[in-house]
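[1] Below: sequence and its predicted model.
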Amino acid sequence: MNYIEITAKALGISKTTVYRSQKTTGNVSPRTRERINRYISEHFPEKIARFEFNAAHSNGKAKFLTFIMPNKPSFFWDDVICGIKKAEEKYEKSNVIINYYFYSGDINEKEIYSILCRLEKLLPDGIAIVPTQSSEIAEMVRNISERIPVVFLNDYCNDCENVARVITNGIEEGRKIGEIMCSQISDGTVLVLLSDGFESSIFQERLRGFKDYCSESGSNLEITEIAYESNGDRYVSNTILPSLLARTIAKEMQSRKNVKAVYIPNGICYQLMLAVKKLRRDDIYVYSHEADLKARRMFKNGMRGGYVTSDAFSQGYLASRYLCQKVLGDKTDNLSLITWFEFDRFD
């Protein structure tokens, strides 16, 4: 079987639909096209590249935007894609076509580099990418951004100063965590767990906003910052062993009997919640920038804490609108690339 037949069988759709999705004039819904491109980019990446190359030469009117994103089950990235689709619908009549390259895990620098190498030869009209701290990737992004618009879906990769970013308001996120924490805790020690070897401006802004609010409204709270060994990894939810963080928390609890809360600026996963729950029978308040779906259920089922989460839908929408306006020659001066956030608290 060829790749069209394999893809159609795997996704439960017709071969005709897959074939049409690989044509610039194919009448396929954005959602179906994304599903097909997700599967093909993972199993037949060279076919996506060939599609973009052929399309660019066969239809000079079409504008091609490429999103480079992690291929992982996540409410966050699903919402980002929904935002992208909303922008795609807005510019549908302008013949803007959005394709996706998916890489495995949260950040897979080897795969991202390979994708960018292919795209540098094909050179679509615009690229949106979840960036990394890799100097090689940063250099390639700088070279590409001199020829086409590139936008980052967050603030990472400090080496690419001239690339537009869709970012969140980290200080306000941190202040909101401080607000929901101080509403439940009047005194005691708060452990702030920070990843060693990785500095992100958004993480630092969250921490600054959190400490500012606690100093204003939680005068009896003692904030203790603890670095855990992460080898420079960026995310708690998938790349950090929850048991490693749990051991760090356990060690501090043994030496500090008055620990009331744990704050992790870069996410909480279900496994970590389980590990923390085993460490201590009494309520321990856990706060996060972002909690995964299973961790949220634990909050709702009695484990106390709260979180804020970035507006993922707006990230995808704003990044897409920015690129669409750039490639179509529209004004981008009034388009804010800063998203807001939401929060929740469980008592």
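    Perfect, thanks for sending it. Numbering: from 1, shown residues only.
[2] quick one: the strands in the stretch 151-300 of the chain?
    For the stretch 151-300 of the chain, the strands defined by DSSP state E, counting those that start in this stretch occupy 164-165, 167-168, 188-195, 221-228, 259-264, 285-288.
[3] how is this protein carved up into domains?
    3-165+312-341, 170-309 (automatic domain parsing).
[4] For the strands of the stretch 151-300 of the chain, give me CSV that also has mean neighbour count and mean pLDDT.
    (C-beta placed from N, C-alpha, C; glycine too.) Formatted as CSV, these follow (neighbours: other CB atoms under 10 Å; pLDDT from 0 to 100):
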stretch, mean neighbour count, mean pLDDT
strand 164-165, 20, 87
strand 167-168, 22, 78
strand 188-195, 20, 82
strand 221-228, 15, 81
strand 259-264, 24, 83
strand 285-288, 25, 80
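[5] So which of those strands is nearest residue 274?
    strand 285-288 (11.4 Å; CB to CB).
[6] Where among the domains of the chain is average confidence lowest?
    Among the domains of the chain, domain 170-309 carries the lowest mean pLDDT, at a mean of 75.
[7] Now find how far off-centre that one is within its chain.
    19 Å (CA atoms, centre = their mean, to the nearest Å).
[8] next one: stretch 302-319
    10 Å.
[9] what comes up buried for that stretch?
    With burial defined by 16 or more other CB atoms under 10 Å, the residues of stretch 302-319 counted as buried are 303-319.
[10] got it, and stretch 101-113?
    101-103, 106-108, 111-112.
[11] Okay, buried residues for stretch 284-297 please.
    284-292, 295-296.
[12] do stretch 316-330 as well
    Those would be 316-327, for stretch 316-330 by 16+ other CB under 10 Å.
[13] got a list of what residue 331 touches?
    For residue 331, the contacting residues are residue 325, by CB atoms under 8 Å, 6 or more residues apart in numbering.
[14] hang on, it in a strand?
    No: looking at residue 331 with DSSP: H, G, I helix; E, B strand; the rest coil, it is coil, so not inside a strand.
[15] What segments of the stretch 151-300 of the chain are helices?
    Using DSSP state H, counting those that start in this stretch, the helices of the stretch 151-300 of the chain run over residues 170-182, 201-217, 242-255, 270-279, 293-300.
[16] picking that back up, looking at the buried residues of stretch 101-113, which one is closest to residue 122?
    residue 101 (10.9 Å).
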